[in-house]
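Q: model this:
(4 chains)
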Protein chains: 4
Amino acid sequence: MTPDSQSTAPDHRSTAPDPHDPEGAIAAAAGAYSNWGRWGDEDVLGTVNFIGAAERARAAGLVRRGASFSLAMRFQNDGPQKGWRRRVNPVHTMTDTGAEAALGVQGFPHGFGGADDVIFMPLQCATQWDGLGHIFDHGRAWNGRDAAQVVTSEGDRVTGIEHLAAPVTGRGVLLDVGRVAGEDGELPDGFAVTEEHLRAAMDAHGVEVRRGDIVLVRTGQLARVRRSVERGDGWGDYAGGPAPGLSFTTAGWLHRTEIAAIATDTWGFEVRPNEFEHAFQPLHQVVIPHLGLLIGEMWDLDGLAADCAADGVHEFLLTAAPLPVTGAVGAPVNPIALK
Amino acid sequence: MTPDSQSTAPDHRSTAPDPHDPEGAIAAAAGAYSNWGRWGDEDVLGTVNFIGAAERARAAGLVRRGASFSLAMRFQNDGPQKGWRRRVNPVHTMTDTGAEAALGVQGFPHGFGGADDVIFMPLQCATQWDGLGHIFDHGRAWNGRDAAQVVTSEGDRVTGIEHLAAPVTGRGVLLDVGRVAGEDGELPDGFAVTEEHLRAAMDAHGVEVRRGDIVLVRTGQLARVRRSVERGDGWGDYAGGPAPGLSFTTAGWLHRTEIAAIATDTWGFEVRPNEFEHAFQPLHQVVIPHLGLLIGEMWDLDGLAADCAADGVHEFLLTAAPLPVTGAVGAPVNPIALK
Amino acid sequence: MTPDSQSTAPDHRSTAPDPHDPEGAIAAAAGAYSNWGRWGDEDVLGTVNFIGAAERARAAGLVRRGASFSLAMRFQNDGPQKGWRRRVNPVHTMTDTGAEAALGVQGFPHGFGGADDVIFMPLQCATQWDGLGHIFDHGRAWNGRDAAQVVTSEGDRVTGIEHLAAPVTGRGVLLDVGRVAGEDGELPDGFAVTEEHLRAAMDAHGVEVRRGDIVLVRTGQLARVRRSVERGDGWGDYAGGPAPGLSFTTAGWLHRTEIAAIATDTWGFEVRPNEFEHAFQPLHQVVIPHLGLLIGEMWDLDGLAADCAADGVHEFLLTAAPLPVTGAVGAPVNPIALK
Amino acid sequence: MTPDSQSTAPDHRSTAPDPHDPEGAIAAAAGAYSNWGRWGDEDVLGTVNFIGAAERARAAGLVRRGASFSLAMRFQNDGPQKGWRRRVNPVHTMTDTGAEAALGVQGFPHGFGGADDVIFMPLQCATQWDGLGHIFDHGRAWNGRDAAQVVTSEGDRVTGIEHLAAPVTGRGVLLDVGRVAGEDGELPDGFAVTEEHLRAAMDAHGVEVRRGDIVLVRTGQLARVRRSVERGDGWGDYAGGPAPGLSFTTAGWLHRTEIAAIATDTWGFEVRPNEFEHAFQPLHQVVIPHLGLLIGEMWDLDGLAADCAADGVHEFLLTAAPLPVTGAVGAPVNPIALK
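A: Okay, the predicted model is just below:
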């Protein structure tokens, strides 16, 4: 991102593509915004390369009050998943509890008692990063690799999430599009967030997105769904149903700004229904394999957003280190914003 | 921790207790160092209460270069667990791979392909925090609660790890006892790290432990075991066998310094074999239920330690946010040290 | 069961109990029909004791054609579970597939390739037996034992399903109440199957239930739900919603007939909604802890029932050996009826 | 199998192949013993086709005493697996126990209490059938299919174990080679069971193997390992180490006899170390993809074998219905022999 590129009008590519031709639109965007080869043939980091030590050091300098915000949903059985493609909610079970400790059946000496637990979960069941091996375009993975060679039953043998264990720490910027462009702080389902909306949020917040940033886009959908859950009406179609989200037309902005990552408070990052007929997550198909962009989903931005609205500061140090499961194509994360 | 308490000589309690009477020694230490009620009857944070916003803001100020270190082991099948108490290594499996994407059998339109994955793992299989509900003393959990009421098959209903989602960010201090007191940077198995060793490390590093710190004690055992793994000789008894670690006699220091948390590069934090006959993790039995101390285990400190040895700076911003599994008594974590 | 007891009219206890007082009705039935102590203090088999070698040998003599029927639903992600009490559908994943074999990345010599798989599932997610440790009455398990001592986090330490690995083979009798008392072969949801309906089915089929039998009661609900699934409308509330099933008033019949086990094609064996206000599975609360009765649920009886309707023979050899998971309180089973 | 083929001497193919050329030997055996196309292009049953209703009816006629034997090991954490290719032992955990029932925290009315459980396990962790999609030869699955198309991350889309839910019931024949050819009833590790040994066992037992039989070959290894487990010395290398087992040279016998299935009391069915240099399970590579033979492993034959030795009867009704996990390439089974 150069100052120029940002001060000029949105380029022509952000105009809406032909809704009848997702494949053509994807191909065009992929051609225009590819980062293949940008960091060499062996690259496993994608746009996370944009975060350097200098960016991190500057981000640490943003911390004023020492207020810490967890942007993670809870990992629990009562979650949004409904079994689609075997994505169930986490099943957390105990192998020992206080009851056995009290009964004295654990076999430990001197009054020692313990509790222990296990979990079964899809790696993308709640707050998570999509790894670079998560999405392919016509059999091609990030950097042009053959998907079938990269992600096998062993996992992602090249771009596994473990490579991102350390570097995903830097400047976070919250764009609260829900508050800026929505009603009562929320965008309706199906609302496509365009470059114009992102720019309006930056203007409203007095913050500029810069190279290497981790951009958090709040739509307000999670707040709406949470009210439903709290009413006892459940998660509804949060996991995969209609949702506000990024427009396909933002692909250029996502490329041009040279951000390191982007995350939303929705299941799927991009607007749903998608902006094409008979389509499935076309923006993913561009930005993961072609840009190498790190995408976060199901982030809980509400507490942080309330704080940002209160103090007017929308930038912070963000530490969002994925759980380093070797070969994973996605990973749970407990992102911490420090202001 | 008051300046006084730290400048005086170690108190008498740090002398070695009677090895024939773990139960008595535990009772004595529990009586001397209890934090029950210190933060009210409803407390769910324990010593993490020592980290305030001011501590966090100061810790952010320690960041100079922007160098980021992940202190997590990899979560993978090839890990140290051997099935003790059903603790197996993580089993990570794919629900979709590049092969299906290439075959075109995934049912997606316009050349979209995806990979997805699930995991089964004990929550304490690799780098982790012990939650406050992990260990009990004679049926009592943290703050004096009835263990049987606190941790049921539903999980920890009171002090679940989710309460620690946000606050575990602050000043980290590395005490590289392996380098200071060991040979070739490593302490032998069975080496009991005492208050004197900790103090020697502080002196050698020119760093002082302060209230609210997250203290990382490197023994070097993981480095030794890793060489075995790399040679093809496996993890041996890393998970539960002999190991260097904290002496039971450090209970007073752990209490007096008012640290928020402590973590080691070993399976079990305290020295093994334990310093009593017929004992099992007696220091845990004091510090978790009575001090409310957050303990981290199986942290990979080697990269950070090498950097600290090189630049002589042993303090840093540490973000160590556990994966917030509701009701968990322990949680995987990818701690990030930022220097 | 004596010939007498069966030829007389149903006893008074089968009259409907007070719907306002489930606890009283359960206590009365528990008192009247208890088998505690019947097979000694150490018993772990309950009514399966009624199946002796002689019963098995006679049952084998029922086989005429050699037709084999599996009475198991498929264990798969697309199943009836909705997450209630952490009961998800099975998640079956591959650790190796044909793709890796074809790619040659498995590391095997001479063209050898393999596929392998793992499963995560609740033990009662599909066709299953309830173990004797599955249900308690006021903290009492089968044979009067203390539930808290019997079933801990280790599992059922006394009456685990592994004890039933061998004996659950004997004479099966199908009572197709759906065909006999329903419309188009199906009972509506909420239909309470009483002793009279069971007797009517026996009369219609020309079969008598005898001591040691494994009785299969077909309501037709699964057939109805399967049509919904096949239409693409899903499982609805099959797992826990309204259903036909055994009336609470059948407790006496279940006791008096000295059957070894009973299974239905429904989620919960007994009629739902239950016949009391504010109740949950009251018949379970009587027959599992007090009778020691083995209960099967979610059995797929439709193929067998069609065959029985066609040839008029409703008795057969039934082999219904649970998967012997040590300490399990329920177990998946693939029951085989041989005619 | 024709009477002729069985009365003649073993054919030349059963002579030992060149130990330096497993690939050649496999190709020769595959060519000589292929059943591809034998049951049509759509076949999903392989040699289970040899079991017809008549065979089953005759097998039921073998039942005399009504004695029932479970041939399954226990599915439990304390099992033989060591993590090879992510094969861990089963992890069985409780979601509710008697403790919660006693505490009254389950939320049920009228004194109702319950226990519930879940399991995570590799499908081939204990007593199991290998499905037809388990092993490939140079990328070819049973009946000549393309392995990459048959077994994907969805599972076995063609020959999943669910197709075997009903038919695997028939005549079982125990060949106790351990007792006939071993010392103290056990063959040493590395002992290759040849056609001659099988024949000697048949002669000693006075039983003849016939078309459609399920043949159980007892080596005695499990008895030996079980003593080690009971001594506290663990399972050793039962899962994959040296073991007695079928010689590669039995491929012809396995084909010629037209048996439906074969099972052993060992981890891997065939002798280990394999009879070739640098080989891995070469007999599997012939009999699964080329013969379509159903192979059972880790069957506990000791109780049945003792009974057969005592009464001299080595044939019985065998019901060995796999757990019908949709798309599985292997399945746990609790086989029941009824004599």
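
Q: contacts and neighbour counts: CA atoms only from here.
A: OK.

Q: what residues does the stretch 151-300 of chain A have near chain C?
A: A:152-154 (C-alpha under 8 Å from any C-alpha of the partner chain).

Q: repeat the analysis, applying 6 Å as the threshold.
A: Listed as neighbours of chain C in the stretch 151-300 of chain A under the rule C-alpha under 6 Å from any C-alpha of the partner chain: A:Ser153.

Q: can you give me the strands in the stretch 151-300 of chain A?
A: In the stretch 151-300 of chain A, the strands defined using DSSP state E, counting those that start in this stretch lie at A:151-152, A:155-156, A:169-175, A:192-193, A:214-217, A:245-246, A:261-264, A:294-297.

Q: let me have those in TSV, adding mean pLDDT and mean neighbour count as columns.
A: Shown next, in TSV, are the strands of the stretch 151-300 of chain A (pLDDT from 0 to 100; neighbours: other C-alpha atoms under 10 Å in any protein chain shown):
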stretch	mean pLDDT	mean neighbour count
strand A:151-152	97	28
strand A:155-156	98	29
strand A:169-175	98	29
strand A:192-193	98	23
strand A:214-217	98	26
strand A:245-246	98	28
strand A:261-264	98	25
strand A:294-297	98	25
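
Q: pull the number of nearby residues for A:Gly111.
A: Applying other C-alpha atoms under 10 Å in any protein chain shown, we find 21 other residues in the vicinity of A:Gly111.

Q: ramachandran angles for it?
A: Note on A:Gly111: its backbone torsions stand at phi 80, psi 10 [degrees, to the nearest 10].

Q: number of nearby residues for A:Asn143?
A: A:Asn143: 24 neighbours (other C-alpha under 10 Å).

Q: now A:Leu132: how far from chain D?
A: 19 Å (C-alpha to the nearest C-alpha, to the nearest Å).

Q: also A:Trp142?
A: The value you get for A:Trp142 to chain D, if C-alpha to the nearest C-alpha is used, is 21 Å.

Q: any idea how far A:Pro289 is from that residue?
A: Per C-alpha to C-alpha, to the nearest Å, A:Trp142 is found 4 Å from A:Pro289.

Q: how about stretch A:249-261: buried residues?
A: For stretch A:249-261, a neighbour-count test (16 or more other C-alpha atoms under 10 Å in any protein chain shown) marks A:249-255, A:257-261 as buried.

Q: okay, and which of those map to helices?
A: A:251-255 (DSSP state H).

Q: among those, which one sits closest to chain B?
A: A:Ala251 (16.2 Å; C-alpha to the nearest C-alpha).

Q: about what we covered before: farthest-apart pair in the buried residues of stretch A:249-261, please.
A: A:Thr249 and A:Ala260 (18.4 Å; C-alpha to C-alpha).

Q: neighbours around whatever residue of the stretch 151-300 of chain A ends up closest to chain C, how many?
A: Chain C sits closest to A:Ser153 of the stretch 151-300 of chain A, with a gap of 5.4 Å, by C-alpha to the nearest C-alpha. A:Ser153 has 32 neighbouring residues, counting by other C-alpha under 10 Å.

Q: before we move on, the earlier item: of the buried residues of stretch A:249-261, closest to C:Asp233?
A: Once C-alpha to C-alpha is applied, the member of those that ends up nearest C:Asp233 is A:Thr249, at 35.1 Å.

Q: so A:Ala305 sits in a strand?
A: No: counting by DSSP: H, G, I helix; E, B strand; the rest coil, A:Ala305 is not found in a strand; it is helix.

Q: which parts of the stretch 151-300 of chain A sit against chain B?
A: That would be A:151-153, A:165-166, which are the residues of the stretch 151-300 of chain A within reach of chain B (C-alpha under 6 Å from any C-alpha).

Q: most widely separated two among the residues you listed?
A: A:Ser153 and A:Ala166 (25.0 Å).

Q: picking that back up, now, which of the residues of the stretch 151-300 of chain A next to chain B sits nearest chain D?
A: A:Ser153 (7.2 Å).

Q: tell me the pLDDT of that closest one.
A: Note for A:Ser153: predicted pLDDT of 96.

Q: who's in contact with A:Gly234?
A: A:Ser228 (C-alpha atoms under 6 Å, 6 or more residues apart in numbering or on different chains).

Q: let's see it at 10 Å
A: With contact taken as C-alpha atoms under 10 Å, 6 or more residues apart in numbering or on different chains, A:Gly234 is in contact with A:78-80, A:225-228.

Q: between the residues you listed, which sits nearest B:Val313?
A: A:Gly79 (42.8 Å).

Q: okay, now the closest residue to that closest one other than its chain neighbours: neighbour count?
A: Spatial nearest neighbour of A:Gly79, excluding adjacent residues (C-alpha to C-alpha, 6 or more residues apart in numbering or on different chains): A:Asn89 at 5.7 Å. By the measure other C-alpha under 10 Å, the count of residues near A:Asn89 is 24.

Q: re the thing from before, which neighbours do A:Trp142 and A:Pro289 have in common?
A: A:34-36, A:46, A:132-136.

Q: which of those residues fall within helices?
A: Going by DSSP H, the helices hold none of those.

Q: also within reach of chain B: list those from those residues.
A: A:132-136 (C-alpha under 10 Å from any C-alpha of the partner chain).

Q: ok, which pair from the residues you listed is furthest apart?
A: A:Leu132 and A:Phe136 (9.0 Å).

Q: between those two, which contacts overlap?
A: A:142, A:287-290, B:115.

Q: most neighbours of all those, which one?
A: Of those, with other C-alpha under 10 Å as the count, A:Trp142 tops at 33 neighbours.

Q: tell me who's in contact with that residue.
A: A:34-37, A:43-46, A:131-136, A:150, A:158-159, A:286-293.

Q: repeat that with 8 Å
A: A:36, A:46, A:132-133, A:136, A:288-292 (C-alpha atoms under 8 Å, 6 or more residues apart in numbering or on different chains).

Q: can I get those in JSON lines including pLDDT?
A: Formatted as JSON lines, these follow (pLDDT from 0 to 100):
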{"residue": "A:Trp36", "pLDDT": "98"}
{"residue": "A:Gly46", "pLDDT": "98"}
{"residue": "A:Leu132", "pLDDT": "98"}
{"residue": "A:Gly133", "pLDDT": "98"}
{"residue": "A:Phe136", "pLDDT": "98"}
{"residue": "A:Ile288", "pLDDT": "98"}
{"residue": "A:Pro289", "pLDDT": "98"}
{"residue": "A:His290", "pLDDT": "98"}
{"residue": "A:Leu291", "pLDDT": "98"}
{"residue": "A:Gly292", "pLDDT": "98"}
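
Q: and of those residues, the nearest to A:Ala29?
A: A:His290 (8.9 Å).

Q: what's across from A:Leu338 in the sheet?
A: For A:Leu338, the beta-bridge partners are A:Ser68, A:Leu317 (DSSP bridges).

Q: measure it to B:Leu318 for me?
A: Counting by C-alpha to C-alpha - A:Leu338 and B:Leu318 are separated by 11 Å.

Q: wait, what's in contact with A:Asn35?
A: With C-alpha under 8 Å, 6+ apart, A:Asn35 has these contacts: A:46, A:143, A:290-292.

Q: can you rerun that using 10 Å?
A: Here A:Asn35 is in contact with A:46-47, A:142-144, A:255, A:287, A:289-293 (C-alpha under 10 Å, 6+ apart).

Q: looking at those, which are in helices?
A: Those of the contacts of A:Asn35 lying in helices (DSSP H): A:His255.

Q: tell me which two in the contacts of A:Asn35 are the farthest apart.
A: The widest separation within the contacts of A:Asn35 (C-alpha to C-alpha) is 16.8 Å, between A:Gly144 and A:His255.
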